[in-house]
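Visitor: sequence first, predicted model second:
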Protein chains: 2
Amino acid sequence: MTADKLQPVIAVDFGGTKTIVAAVLPDSKIVSRRFYLTRAEEGAREVIKRLVSAVSDSIVQVKSKGMAPAGIGIGVAGVLDITRGTVTTSPNLPGWRNVPIKEIVAARSGLNTFLINDASAAALGEYCFGAGQGRSNMLYITVSTGIGGGIIINGELYSGASGCAGEWGHMTLEPNGPQCHCGNFGCLEALAAGWAITREAVTRMEKGESSSIAELVDGRADSITAEVVANAARKGDRLACEIVAKAANYLGIGLANLVNIFNPELIVIGGGLSKMGNMLLKPAKQVIKERAFRLPARTVRIVRARLGSNAGIIGVAAYVFNYRPGRGVRA
Amino acid sequence: MTADKLQPVIAVDFGGTKTIVAAVLPDSKIVSRRFYLTRAEEGAREVIKRLVSAVSDSIVQVKSKGMAPAGIGIGVAGVLDITRGTVTTSPNLPGWRNVPIKEIVAARSGLNTFLINDASAAALGEYCFGAGQGRSNMLYITVSTGIGGGIIINGELYSGASGCAGEWGHMTLEPNGPQCHCGNFGCLEALAAGWAITREAVTRMEKGESSSIAELVDGRADSITAEVVANAARKGDRLACEIVAKAANYLGIGLANLVNIFNPELIVIGGGLSKMGNMLLKPAKQVIKERAFRLPARTVRIVRARLGSNAGIIGVAAYVFNYRPGRGVRA
């Protein structure tokens, strides 16, 4: 696909909670952007119908501005089979099994369509236009509802033999730990992601531990989110502090493992929970110091992502603009 | 360095237990080879003296055959700072701290000298001439006294920002687990490597558990090795079987993590313990099925290394022959 300054990519960041559909130019400029709730609980058929319709709207909008879409890119929060264009499974899209999303969107739109894992897309976005610029060996970790990742090696997105590399959210850190949405036990995600923090708070409060979290949500347990827990921790609530400290410790163990495995120049941390800032990152960095080898621990820089919630769509667009058949993506 | 058919590389595989010094041609043919015990307990000074002398002998031998050494490559079981040519630390070379081994050997020999991590070298060897031929996204894991690894991505050795990538032996799998030689707790190596198996057997027998291992070593606890434990397990000894099963389970967890992180085409398993074969690998593969995502677990092939104890020296030679300044190694 050749980059044309005037042709945007229709870039979709399709997550378990919300979906962003945007038109993005090669220089990362966002021409149009809307977002809506994914409502994954309604099932794949309804979700895809909504997606196809949002993509159509975006195409119409782009054309009304005198531009022609260069293609469609979809960043999906799931384990993709890139060669088949399917979502094989997704811990945060319940019921999705081998959904041929690429084919469906391509058929409805008549445009070249590409799939990429959402965290890989965000990695590429941060590498091309964000916190990772100029760092050719970089890892990206998103700590959000779930935990995902993307790998840049020698200036290229590395996505593995079938397109699903970077799933360090599902690295086992406690073999007998709590069960994860993926079915495994003791995954990093089940110990440190947003949903794990929420679960821990709900469980412990149900067991009778007192916390100011109860007031923050007016006693409604289903309103407890990781953000609420973080707010309570910021105000010194004991239970919330313990839960955040535990998550930060596991995040640190996961990062220490990545430091020993990849010896990366840079780790970029994105996703909603990264907004907790030092409350989460300071103890995590301390764990890296304690657990990883000194040389790679000293070498790596750990920084927060810069593109915020646009990392995904910007990365998806970069992926489509830079994609070369049989060669993958050199950004 | 240009490959010349008649010029061998002096290739050293320098491990915590033994050292191999060989002369290897570009086609991986071994012209000469000797090995000796490293005797790491005598300290860095003595160990290096012995190494320099063995390298000199090898050079003399090569010259006596009418050949001129193309350079020296040293594969070291340690965390290397490639840019400085130092061994920063090594869990299995006690007391080594920032030893400038590259400079010493280069000065004594007058030859271009290269350092590479021993497991990275073995990965490169298996990729160029062994079980990994034609698999451009491949991981290598050596399960031996310690556990190390090497990464081939897009047909290139990936060694990280400072040259020490692939240290998955020191990935934490049990945050409160037994202490590792590296100082950390619950590393894969401390749960599944040769020394961990030995330690577990000794500890449990000291606590009074009975085992036929005692007879195999004539009651001498210091003669217990992982090999002895494996032999006892093969004969159905209950304690030995339990210890091997536990190590295999942790090896499987480590591999499942790598499968989710790298989505590799191939994982090549080398090192002395890989000779246990299915006793170790079958349960480990089962764990991958249970813990990793289905797609990458189905994609990956897990095979035993083919070059045996020569993987290191063959890989070291390949590294030196293929090294391009500023570009690294494209094999």
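Guide: That came in fine, so what should we check first?
Visitor: tell me which helix or strand the nearest residue to A:Phe35 once chain neighbours are set aside sits in.
Guide: Nearest residue to A:Phe35, sequence neighbours excluded (Cβ to Cβ, 6 or more residues apart in numbering or on different chains): A:Ile20, at 4.4 Å. Yep, even glycine has a C-beta here, placed from its N, CA and C like the rest. Taking DSSP states H and E as the definition, A:Ile20 sits inside strand A:18-24.
Visitor: identify the residues contacting that strand?
Guide: By Cβ atoms under 8 Å, 6 or more residues apart in numbering or on different chains, the list of residues contacting strand A:18-24 from outside reads A:8-13, A:30-38, A:50-51, A:54-55, A:57-58, A:61-62, A:67, A:69, A:309-310, A:312-314, A:316-317.
Visitor: can you give me the buried ones in that strand?
Guide: By neighbour count on 16 or more other Cβ atoms under 10 Å in any protein chain shown, the buried set for strand A:18-24 is A:Thr19, A:Ile20, A:Val21, A:Ala22, A:Ala23, A:Val24.
Visitor: next one: stretch A:53-60
Guide: Neighbour-count burial for stretch A:53-60 [16+ other Cβ under 10 Å]: A:Ala54, A:Val55, A:Ser58, A:Ile59.
Visitor: likewise for stretch A:293-303?
Guide: For stretch A:293-303, the neighbour count (16+ other Cβ under 10 Å) marks A:Phe293, A:Leu295, A:Pro296, A:Ala297, A:Thr299, A:Val300, A:Ile302, A:Val303 as buried.
Visitor: would you say the fourth one is within a helix?
Guide: Yes. If the criterion is DSSP: H, G, I helix; E, B strand; the rest coil, then A:Ala297 is within a helix.
Visitor: any idea how far it lies from chain B?
Guide: Distance, A:Ala297 to chain B, using Cβ to the nearest Cβ, to the nearest Å: 10 Å.
Visitor: that residue: what's its closest spatial neighbour, skipping adjacent residues?
Guide: Of all residues not flanking A:Ala297 in the chain, A:Ile288 sits nearest, at 5.3 Å (Cβ to Cβ, 6+ apart).
Visitor: about what we covered before: sheet partners, orientation included, of the strand holding A:Ile20?
Guide: Note on strand A:18-24: by DSSP bridges, its sheet partners are strand A:9-14 (antiparallel), strand A:30-37 (antiparallel).
Visitor: residues in the stretch 51-200 of chain A within reach of chain B, list them.
Guide: Residues of the stretch 51-200 of chain A found near chain B (Cβ under 8 Å from any Cβ of the partner chain) are A:79, A:81, A:88-89, A:137, A:149, A:153-154, A:156, A:158-168, A:170-175, A:182, A:184-185.
Visitor: now the buried members of the residues you listed.
Guide: By 16+ other Cβ under 10 Å, these give A:79, A:81, A:88-89, A:137, A:149, A:153, A:156, A:158-168, A:170-175, A:182, A:184-185 as buried.
Visitor: just those: which are in strands?
Guide: Taking DSSP state E as the definition of strands, these contribute A:Val79, A:Asp81, A:Thr88, A:Thr89, A:Gly149, A:Ile153, A:Glu156, A:Tyr158.
Visitor: I figured A:Glu200 hits A:Tyr250, correct?
Guide: No. Using Cβ atoms under 8 Å, A:Glu200 is not in contact with A:Tyr250, being 11.0 Å away.
Visitor: so between the two, which is more surrounded?
Guide: A:Tyr250 (26 against 22; other Cβ atoms under 10 Å in any protein chain shown).
Visitor: and that one, what does it touch?
Guide: Contacts of A:Tyr250 by Cβ under 8 Å, 6+ apart are A:Leu173, A:Glu174, A:Leu188, A:Leu191, A:Ala192, B:Pro175.
Visitor: need these in JSON lines with distance to A:Gly254 and pLDDT, can you?
Guide: Shown next, in JSON lines, are these (distance: Cβ to Cβ, whole Å; pLDDT from 0 to 100):
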{"residue": "A:Leu173", "distance to A:Gly254": "6", "pLDDT": "98"}
{"residue": "A:Glu174", "distance to A:Gly254": "11", "pLDDT": "98"}
{"residue": "A:Leu188", "distance to A:Gly254": "4", "pLDDT": "98"}
{"residue": "A:Leu191", "distance to A:Gly254": "8", "pLDDT": "98"}
{"residue": "A:Ala192", "distance to A:Gly254": "7", "pLDDT": "98"}
{"residue": "B:Pro175", "distance to A:Gly254": "11", "pLDDT": "98"}
